[in-house]
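1. The sequence and its predicted three-dimensional model are supplied below.
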Amino acid sequence: MRTFYEYASDVKVLSSMDVSALKKLPFVFVSEFPGVFPCERFTLQLDEEYKMKPYLMAIPDEFLGFIQLFETLGATRKISSKTFADILYQIHSIGDNLNANELTAVKKAMQLFFELLPQNGSSEVLSNKDLFLLSRNGKLVESKSLIYMNFSLYDSIFSEKENLNILYDSFEIEAEILQKKIKTLPCEIRPKFISEVVTQHIDTKQAQIHTNRASRQINDFFKSDEFINGVLRLVYREQLEKKEQQSSDEKIRTFKENLRRMQLICAKGMQRVYTYEGKEIKRKTCSRYFESPEENGEKICKIYADFLEENDSEKVINQNYDNISRAIRECTSCNFNNTDALLSMLCHEVKQPEKIETVLDEREVPSLNKKHKVVTLRFPEPGDVVEIRWHGILDNAFISFEPGEYVAYFSRMNERGDVEYKYAIIKEKVACTVDASSLIFLQAYLAEIEPEVEKELKVYELYKFNRSKDPKDKSIFTEFQVQVLHKRTEDAETNTSFNDNRSLDEIFKEIRDLLKHAFTLREDQRRNICRRIMFKWHPDKNPDDVPRATKVFQYIRKIIQLLEDGKNVDIDDTEEPTNRRHPWSDDFFSEFEKFYRREQENERRYQRTRSTSSPGTDGYQRYQNTYYPDPQPFTANMWLEEAKYDMRFAYQSEDRAESYFSWICFTSYQAAEKALIAWQYKDDAKKVNRSESLFILAQSCPEEVRRLATDLQNLTLEPQRMRYPERGHQPSKAYTRSQASKAMELANRIIEKVDENL
C-alpha cells in the first residue's frame, strides 16, 4: 500500500486521476482492524472519545506522510459536527434495518454531532449535504421530516401515533441548549418543533355549564365592593413599593370594570383538542381552563373549572387560585410580586368579604383615595335568608303582587318557634281557574325562589315587604326601602298600611272559606294558611282595634276545632267545639304560640335605635355607611342541635365496656365548638369564626362561657392530638376516664349556657 500511496502522491499522477471516484473507494489500509476504508473516514487529530471504528478513525502513523493525498481524497485534519453528520449519512446508506451495534453508533454520532454543532454558523457547515437523524422508532430518516418534542406534555399524546417521526433526544445535552442548536440548522434540514406544528384549543361548546352554590357565591364575591376595593388597595401598594407612577383615574375605572366582569364558570365535560397539520389527532378531558377574550372591546376573564360536586366556595377558590390570580393580574395589569400572599388571603375571604378591609388594615395596606373606592347598590339574591331586622315589615295579608317585586316566602320553622324566611322575586301572575270569590287565597304567582329556579306559589305562601308591626311607626318600612331596595327616602315615604273596614260577618265568612280550603290541603299547606290567618288577626298585631281583632282571633280558633271535629261550619258556625281532645289543633296552637312568642322576642332582642333625622338627600349615604349585624337564630339552633347530638353520642360511648376516652374527649370538644358557633350565629352571622380553638370561638361570649371553653381546651389540648398519633403520642392511650367525664361535663355546661341564650 505504501508503494501505491507514493505513486499516487505524485502531482502529475494525482492530477490525472478521477478524484471524485477515488473518494468513494476504499483507500486507506488499517492493519489492526484489518480492512481498507474510504479516506472520508479518517482524520489527522482524533481523541479517544471521538473514535468510532469503522466510521471514524485516526490516520495510521505509518501513513502520516501521505496526509496531503488523503486530505485530497476526503480525510480531514480535525473533526467537526460535519464529521458526525457524514457518519450518520454513511450508516443511513446501509438501509432501514439497523442492528444493535449500528444503532449504538448512530446514538453516539448524534450525541457528538450536537455537542460539536456551533450555536451559530451551522448553516455554512451543513449546507451541501442532507442530514439524517435518528427517530424514536429506531430509524435514520431525513432530519426535515422529524419532529422535535420541545413540549414534554405532548409525549404521551404522540407516543401513540406511529406515523409521526419523533426525533430521538435522549442524550446528555441540556434541553435548552439542544433547542438552541436545532434552531441554528438551515431551514431546509431543520426538524420541526412540536410547538410549531401542533395547535390546541379547549372545546367548551360540548361542556355542560352548571350553576351551584359555590359558583354563585364566588361570582357575587368578584362583583362585591369589598373584593374590588381590596384588589385596588394591593395595586396601589405595589405601585408605592416599586415607586411607580400611580394609575390614572381612567385606568382605575378600567380595572374596576375588568374585575367586575370576571367569571368563574362551573363546566363539566370540557375537552382539550390537539390538531396536527389541520387534522384533529386527540381529545383529552380538561378540568380547568382560563381565557380572556375581548368582547365588544371589553376584556372578560373567564375561569372554567369542573367543581359540580363541590359547594364549598373556599375550597373551589383554593383549587383554582392559580387561574383566579392570573385573571386578577390581567384585569389590573399588575403582577403582585410583593403582595401575592395578601392577594391569596383576600381571595380566601370569599365567605366573609366584609373582613377584607380589616385584614388589609392590620397589614398596613394603604387605603384607597375616596373617589376611587367602589360603593355599589347590591340587591338580595332569590333564596337569600331575610334578615331578622326585616321580619317586622312582613305583611301576611292576602294581597296582590307585581312582577319584579321582592317578596318573602316561609322556608321553615324549628321547635323553638324560630322561622326562616327567604327572598323571592315575582315573575308573573298565574291564571286562576276558580271563581272570583276564592281568588283572594287561591291566586298563584310564578316566583324566582333561587337564581334561575322558578316555582309557582300561592298568595298564602308569600309575604309582602309592606309595613311595620306598629302601624304608627314608618321607620322600619322606610329603612327597608332605602337599604334593601335602594329607593330614595322621599320615594319610600308612602304609607301602605291596610285598614279593614268590613263587618264581622264579612270577615267571618272569608275566614270560614279560607280554613275550609286549608283542611283540604296537605299538612304543611294547612298549617301555613292557619298560621297566617292567626298571625294577621292576633290582637297584638291590631293595636288600633284590639276588641274586634280579639273576636276574630277567637273565632279562628273555634272554626279550626270545628273543622277538626268534621262539622259543617257553613250550616252553624255558632256551635262550640266538642270537649274531646283535638290533637291536631292542640299541637298547632302550641306551635303557633311558640312561633308568635319567638317573633316578639326577636323583635325586642334585635330592635335597633332608629334614625330620628328627617328623610333627606343624605339618607342614602347614611344607610350605606352603617354596619348592621345579621343574627340568624334559626341557623344558630341548627348548630346547637348538632352539638346536643354529639353529646348524646359521647354519653352513650361512656356507658360502653370499651374505653373510648380519646373519642369521648374529641366528641365533647366538637360539641362545644358547634355550640359556640351557634352563639356567634345568634349574634351576627357575618362575623362567624370557624376556628378550631374554643378560646377564639368564645371571645364574644360572657366571661363564664369563656372560662368553660378555656378549661375544656386546656383539658383536651388541640383537636389534632385527640385524633392522630404523633411523636410517641397515641390518642387511644393518652386520655383517662376522669378526663373524658370532665370533658363531657364542661361541654355540657357550655351547651346549657348557649341554650339559655338562644
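-> Thanks, I have the structure now.

2. Going by C-alpha atoms from here, please, whenever you check contacts or count neighbours.
-> Will do.

3. show me what contacts the residue minimising distance to the centre of the chain?
-> The C-alpha lying nearest the average C-alpha coordinate of the chain belongs to residue 316 (C-alpha atoms, centre = their mean; 2.7 Å). Listed by C-alpha atoms under 8 Å, 6 or more residues apart in numbering, the contact partners of residue 316 are 214, 307, 310.

4. Which members of the residues you listed are classed as buried?
-> 214, 307 (16 or more other C-alpha atoms under 10 Å).

5. Let me know the closest of the contacts of residue 316 to residue 71.
-> residue 307 (70.9 Å; C-alpha to C-alpha).

6. circling back to that earlier point, measure the residue nearest to the centre of the chain to residue 214 for me?
-> 7 Å (C-alpha to C-alpha, to the nearest Å).

7. now residue 104
-> For residue 104, the distance to residue 214 - C-alpha to C-alpha - is 58 Å.

8. With residue 238 instead?
-> On the measure of C-alpha to C-alpha, residue 238 and residue 214 end up 30 Å apart.

9. repeat for residue 325
-> 18 Å.

10. Over to residue 288?
-> Residue 288 is 16 Å from residue 214, where distance means C-alpha to C-alpha.

11. where in the stretch 251-400 of the chain is pLDDT low?
-> 370-378, 397-399 (pLDDT under 70).

12. repeat that for 90
-> Within the stretch 251-400 of the chain, the stretches with pLDDT under 90 are 251, 253, 272-285, 292-299, 308-312, 351-355, 357-359, 361-364, 366-381, 384-400.

13. So which residues of it form helices?
-> 313-319, 321-332, 340-347, 356-362 (DSSP state H, counting those that start in this stretch).

14. and those helices, which is most packed in?
-> Of those, the one with the most neighbours on average (mean count of other C-alpha atoms under 10 Å) is helix 321-332, at a mean of 19.

15. That helix - contacts with which helices or strands?
-> helix 249-260, strand 288-291, strand 302-305, helix 340-347 (3 or more C-alpha pairs under 8 Å, 6 or more residues apart in numbering; DSSP states H and E).

16. CA atoms only for that helix, dumped as CSV, please.
-> Extracted in CSV, the C-alpha atoms of helix 321-332 (Å, rounded to 0.1, in the frame of the first residue of the first chain):
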residue,chain,number,x,y,z
TYR,A,321,-56.3,30.1,42.8
ASP,A,322,-53.7,30.0,40.0
ASN,A,323,-56.2,30.9,37.3
ILE,A,324,-58.1,33.3,39.6
SER,A,325,-54.9,35.2,40.4
ARG,A,326,-54.0,35.1,36.7
ALA,A,327,-57.3,36.7,35.9
ILE,A,328,-56.8,39.4,38.6
ARG,A,329,-53.3,40.2,37.2
GLU,A,330,-54.7,40.6,33.6
CYS,A,331,-57.6,42.7,34.9
THR,A,332,-55.3,45.1,36.7
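
17. Give me the contact list for that helix.
-> By C-alpha under 8 Å, 6+ apart, helix 321-332 touches 235, 255, 258-259, 262, 289-290, 292, 299, 301-303, 317, 335-336, 343-344.

18. among those residues, which ones are buried?
-> 235, 255, 258-259, 262, 289-290, 299, 301-303, 317, 336, 343-344.

19. and which of those residues is nearest residue 740?
-> Nearest member of these to residue 740, counting by C-alpha to C-alpha, is residue 317, at 38.3 Å.

20. Please name the nearest non-neighbouring residue to residue 73.
-> residue 23 (5.0 Å; C-alpha to C-alpha, 6 or more residues apart in numbering).

21. So the one you found is in contact with residue 41, correct?
-> No. Applying C-alpha atoms under 8 Å, one finds residue 23 not in contact with residue 41, separated by 10.3 Å.

22. can you list the weak-confidence ranges in the stretch 601-750 of the chain?
-> Looking at the stretch 601-750 of the chain by pLDDT under 90, you get 601-634, 650-663, 681-693, 695-701, 716-735, 737.

23. For it, just list every one of the helices.
-> Under DSSP H, counting those that start in this stretch, the stretch 601-750 of the chain gives helices at 619-624, 633-654, 661-683, 694-697, 703-716, 719-723, 731-734, 737-757.

24. Could you give the separation of the longest one from the chain centroid?
-> On the basis of C-alpha atoms, centre = their mean, to the nearest Å, helix 661-683 is displaced by 28 Å from the centre of the chain it belongs to.

25. From residue 92, how far off is residue 73?
-> From residue 73 over to residue 92 (counting by C-alpha to C-alpha), the distance is 21 Å.

26. Kindly apply the preceding question to residue 30 instead.
-> 23 Å.

27. More neighbours: which of those two?
-> Taking other C-alpha atoms under 10 Å, residue 30 and residue 92 do not tie; residue 92 has more neighbours (22 against 15).

28. Leaving out sequence neighbours, find the closest residue to that one.
-> residue 140 (5.9 Å).

29. Could you do residue 96 as well?
-> residue 139 (6.2 Å).

30. the longest strand in this protein is where?
-> Longest strand of the chain, by residue count under DSSP state E: strand 419-430.

31. tell me which residues of that strand are tucked away?
-> Per 16+ other C-alpha under 10 Å, strand 419-430 contains these buried residues: 419-429.

32. What of stretch 40-55?
-> For stretch 40-55, the neighbour count (16+ other C-alpha under 10 Å) marks 40-44, 46, 52, 55 as buried.

33. Of the residues you listed, which is the nearest to residue 380?
-> Using C-alpha to C-alpha, those come closest to residue 380 at residue 52, 80.1 Å.

34. backbone phi and psi for the closest residue to the closest one other than its chain neighbours, please?
-> Of all residues not flanking residue 52 in the chain, residue 105 sits nearest, at 7.3 Å (C-alpha to C-alpha, 6+ apart). Taking degrees, to the nearest 10, you get phi -60, psi -40 for the backbone angles of residue 105.

35. Next: residue 139.
-> phi -120, psi 140.

36. Spit out the contact partners of it.
-> 96-98.

37. related to what we said a few turns ago, arrange the buried residues of strand 419-430 in JSON lines, one row each, with pLDDT and distance to residue 583 as further columns.
-> Listed next are the buried residues of strand 419-430 as JSON lines, based on pLDDT from 0 to 100; distance: C-alpha to C-alpha, whole Å:
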{"residue": "419", "pLDDT": "84", "distance to residue 583": "23"}
{"residue": "420", "pLDDT": "88", "distance to residue 583": "26"}
{"residue": "421", "pLDDT": "90", "distance to residue 583": "27"}
{"residue": "422", "pLDDT": "92", "distance to residue 583": "30"}
{"residue": "423", "pLDDT": "93", "distance to residue 583": "33"}
{"residue": "424", "pLDDT": "93", "distance to residue 583": "34"}
{"residue": "425", "pLDDT": "93", "distance to residue 583": "37"}
{"residue": "426", "pLDDT": "92", "distance to residue 583": "37"}
{"residue": "427", "pLDDT": "92", "distance to residue 583": "39"}
{"residue": "428", "pLDDT": "91", "distance to residue 583": "39"}
{"residue": "429", "pLDDT": "90", "distance to residue 583": "37"}
